[in-house]
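A.B. asks: requesting a structural model of the entry that follows:
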Amino acid sequence: MSIEILDDSCLFRIFREIKDKQTLIICSQVNRRWHSLIFPDTTPKKRFNSGKIRKGLKSDVPIQTIALDGWEIVSAPYDSQFQPDFFTKHGRKMKQLYIADMSLDDFKKYVKYLPRLERLHLSSYYGGSKPSAYYDGPKLERLEILEICTRPKNLEPYRGLSLMDRCPYLKSAFHKINGEDFFVDTQVKNYHLEDLVIENIYNTGLVVNWPTLKKILRKCPNLKHLAIRHLCDTDIEDENIPEMLELLPKVVLIDLRVSPGVTYISAEYVDEYCKLHNRSISFYYAREHERDIRVDWPQLSNRKFNKLQCPGYSFMKHCFLKPFNELPRVMDPIFLLPLLEDDIRNNKSKPDVQEEDLDPDTEDSLDLGIIFD
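C.D. replies: Modelled structure (predicted):
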């Protein structure tokens, strides 16, 4: 079976997992198709078409819609303004969906029309009918990035975690939570989750307490990057840090910069723990560490984008350091490969590819076994 039978989306997903820059450059020399996927056309006019599928929405509602190549991306408020057939017509083309003021119960109705969805930003700031206790809709089999905030009336329990449990291959999650205790299904493990951010909604004094947080972390045994931020406190104390490290055997970054209960004692413990277990963990526990995390992790960005899209399909780069209301509406997959972002943007380091190396009719222009061994 030839790898060329895969569509562009599948090849993108394969290339995204390659961490070596030189290997990507070699892959770009296989044929014209692979070269165009790894080093795509960077001309915005050729890729963006604003309002292409606007006709699916009521004209009197301020809607922002973008169509990007074959990736249909919708950014819109939601208040019953969608036509009944909007998702049935366009959902199968969507890979990113940014939508505000849509309840989780309403979203559940449309999941079956979104089989290719890879990134979802969903916020609900209102409550209509009494919501279900948790999300029990269809799975989102291909979702990799989830950014969610649900705050219905009367402060019903937060339900974003139950949606996360229905995303079997989720890699990154951003939860904006209002409350201090809610149901956590400890029977479900999120084995693929590597990045987790938990943010409190407002300065209400209600935070995710340590017993609840411990249940959440236990569900994520392969977590690498953790951030817990609130406007007031995180309810995390020095005495909780040893248990946190035991729950996260693969963590390399812990951001607890609004945690009055966490002090230099924890930092010293983390240092000793790393020496004993031969690990490296970046640990930040005070507000004044904001500059430190930027210096230690220069690949993470807190830059605000005036335009709808930001360059790069990377949760860690564009979401980890930002508050929920500043997350990008669109992550431009033209910069899908982080190792090559600067090369693509500056157009300086593209490989010198000869015409004979780019025969689209030749499936085995290069020994693929060598590349993927």
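A.B. asks: going forward, measure contacts between C-alpha atoms and count neighbours the same way
C.D. replies: OK.
A.B. asks: what mean pLDDT does the host helix or strand of Ile265 get?
C.D. replies: Using DSSP states H and E, Ile265 sits in helix 264-277. If you average the pLDDT over helix 264-277, you get 96.
A.B. asks: show me what counts as buried in whichever helix or strand comes after that helix.
C.D. replies: Scanning forward in sequence from helix 264-277 by DSSP H and E, the next helix or strand is strand 282-284. Neighbour-count burial for strand 282-284, with 16 or more other C-alpha atoms under 10 Å as criterion, is recorded at Ser282, Phe283, Tyr284.
A.B. asks: now flag whichever of those residues is closest to Cys274.
C.D. replies: Closest approach between the buried residues of strand 282-284 and Cys274, by C-alpha to C-alpha: Ser282, at 10.0 Å.
A.B. asks: list the contacts of the closest one.
C.D. replies: By C-alpha atoms under 8 Å, 6 or more residues apart in numbering, the contact list for Ser282 reads Val252, Leu253, Ile254.
A.B. asks: and if you look at Pro249?
C.D. replies: Pro221, Asn222.
A.B. asks: ok, the one 5 residues further on next?
C.D. replies: With contact set as C-alpha under 8 Å, 6+ apart, Ile254 has these partners: His225, Leu226, Ala227, Ile281, Ser282, Phe283, Tyr284.
A.B. asks: now the residues you listed as CSV including pLDDT and distance to Arg119?
C.D. replies: Shown next, in CSV, are the contacts of Ile254 (pLDDT from 0 to 100; distance: C-alpha to C-alpha, whole Å):
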residue, pLDDT, distance to Arg119
His225, 97, 18
Leu226, 97, 19
Ala227, 96, 19
Ile281, 97, 28
Ser282, 96, 27
Phe283, 97, 28
Tyr284, 96, 28
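A.B. asks: where along the stretch 251-373 of the chain do the strands fall?
C.D. replies: 253-255, 282-284, 309-311, 330-332 (DSSP state E, counting those that start in this stretch).
A.B. asks: comparing the ones you listed by mean pLDDT, which bottoms out?
C.D. replies: Taking the mean pLDDT of the strands of the stretch 251-373 of the chain, strand 309-311 comes last: a mean of 72.
A.B. asks: count of neighbours near the closest residue to Gly137 other than its chain neighbours?
C.D. replies: Closest residue to Gly137 apart from its sequence neighbours, by C-alpha to C-alpha, 6 or more residues apart in numbering: Lys108 at 5.5 Å. Counted with other C-alpha atoms under 10 Å, the neighbours of Lys108 add up to 15.
A.B. asks: need the contact partners of the helix holding Ile265.
C.D. replies: Asp238, Ile241, Pro242, Arg279, Ser280, Ile281, Phe283, Tyr284, Tyr285.
A.B. asks: what about Asp222, distance to Ser103?
C.D. replies: Quick fix: residue 222 reads Asn, not Asp. Relative to Ser103, Asn222 is positioned 30 Å away (C-alpha to C-alpha, to the nearest Å).
A.B. asks: again, but for Asp8
C.D. replies: Counting by C-alpha to C-alpha - Asp8 and Ser103 are separated by 33 Å.
A.B. asks: between these two, who's got more neighbours?
C.D. replies: Ser103 (23 against 14).
A.B. asks: in the sheet, who's paired with the nearest residue to that one once chain neighbours are set aside?
C.D. replies: Among residues not flanking Ser103 along the chain, Ser124 sits closest, at 5.1 Å (C-alpha to C-alpha, 6+ apart). Using DSSP bridges, the beta-bridge partners of Ser124 come out as Thr150.
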